[in-house]
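Would you be able to build a 3D model of this:
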Amino acid sequence: MPSVASTQVVLISGLSGSGKSVALKQLEDQGYFCIDNLPATLLLQAVQSLRDEGHRRIGISADVRGVHSLPALPAAVATLKSQGLDVRALFLEAKPDALQMRFSETRRKHPLSVAHPELTVAECIVLEQELLVDVASLAHRIDTSDLSANALRSWVKRLLDLDQSRLTVIFQSFGFKHGLPLDADLVFDVRCIPNPYYDPKLRPLTGRDQPVIDFLEAQPLGQKMYTDICNHLVDWLPAFDSDNRSYLTVAIGCTGGQHRSIWLAEKLAVRFGNDRQVLSRHRERRGETS
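Residues are numbered from 1 along each chain as shown. All right, here's what the predicted structure looks like:
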């Protein structure tokens, strides 16, 4: 049987239609033994049985389909962690309009509509969010509203390749006109920095392109914003370290999420990547990462 320290358990949960099946399939493709829709009351028994069979990497999906057993999930996860297993929990979610569109496109019923046929899809989504509040608090949340299936697969793989014992800081750019990211822990508004969008030559580019970088690097407000955010993170990251968190998502927002926010997210990732585990993600670029 694999040693406790060598066993990794990845728990996938989240809202119906948010991409849980895609994430679980990615685990399976990476060699995990996966179980979909496992009642939370069977989690400890299933993990022990799979470990007895010699499985080192285990992926399990638990969600509202097993709603009556969900209250047992927090205690089960705590028990696995107390045993020394590497337990990672991911909670996938998306904006209600994105979820409704996905149900409309696939013509599938919402799982809660079986027990509550009188509810609309929108009402089922609201109820599901309420039922999964405690589960969401256990996990790293991933907003899949604007993620393609390929981007989600890539993001899950990158997250699982990281050292769980260290805090991972995720710098995420976004555009305010498309709404706040659901998975943000800290949000910084950089719309006060002069906007490259108004230069016709810079408009089709992004914050990764050198002409845009040169433009923004020359802006005093841009430099001050960068310095102030750096100082804030330097002061507060140790507190997040001591809170035993695995992930911290720092969201940087401008108007459209193409220029200023991307530039600053990339710049911050370079700055903190020297001594920390960091990732960057650009929501309005369909989840593009670097």
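
Lowest-scoring secondary structure element of this protein by mean pLDDT?
In the chain, the helix or strand scored least confidently by mean pLDDT, DSSP states H and E is strand 288-289, which has a mean of 74.

Asp52: neighbour count?
10 (other CB atoms under 10 Å). Where C-beta positions appear, they are placed from N, C-alpha and C, glycine not excepted.

shouldn't Ala122 be in contact with Gln100?
Yes. With contact defined as CB atoms under 8 Å, Ala122 counts as touching Gln100 (6.2 Å).

which of those two has more neighbours?
Between Ala122 and Gln100, counted using other CB under 10 Å, the more crowded position is Gln100 (18 against 14).

ok, the residue lying closest to that one once chain neighbours are set aside - contacts?
Among residues not flanking Gln100 along the chain, Val121 sits closest, at 5.5 Å (CB to CB, 6 or more residues apart in numbering). Going by CB atoms under 8 Å, 6 or more residues apart in numbering, Val121 touches 99-100, 103-104, 110, 113.

With Val64 instead?
Counting by CB under 8 Å, 6+ apart, Val64 makes contact with 15-16, 70, 111-112, 128, 131-132.

in whichever helix in the chain runs longest, what's buried?
Taking DSSP state H as the criterion, the chain has its longest helix at helix 220-242. Neighbour-count burial for helix 220-242 flags 222, 225-226, 229, 233, 237, 240 (criterion: 16 or more other CB atoms under 10 Å).

Can you dump the C-alpha atoms of that helix in CSV for me?
The C-alpha coordinates for helix 220-242 follow below in CSV (Å, rounded to 0.1, in the frame of the first residue of the first chain):
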residue,chain,number,x,y,z
PRO,A,220,3.7,57.7,-13.2
LEU,A,221,0.2,56.5,-12.0
GLY,A,222,1.0,53.0,-13.3
GLN,A,223,4.3,52.9,-11.5
LYS,A,224,2.7,54.2,-8.3
MET,A,225,-0.1,51.6,-8.5
TYR,A,226,2.4,48.9,-9.0
THR,A,227,4.5,50.0,-6.0
ASP,A,228,1.5,50.4,-3.8
ILE,A,229,0.1,46.9,-4.6
CYS,A,230,3.6,45.4,-4.1
ASN,A,231,3.8,47.0,-0.7
HIS,A,232,0.4,45.8,0.3
LEU,A,233,1.2,42.2,-0.7
VAL,A,234,4.6,42.3,1.0
ASP,A,235,2.9,43.4,4.2
TRP,A,236,0.0,40.9,4.1
LEU,A,237,1.2,37.7,2.3
PRO,A,238,2.9,36.5,5.5
ALA,A,239,-0.6,36.6,7.2
PHE,A,240,-2.0,34.4,4.4
ASP,A,241,0.9,32.0,4.8
SER,A,242,0.2,31.6,8.5
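
Check which helices and strands that helix sits against.
strand 247-254, helix 260-273 (3 or more CB pairs under 8 Å, 6 or more residues apart in numbering; DSSP states H and E).
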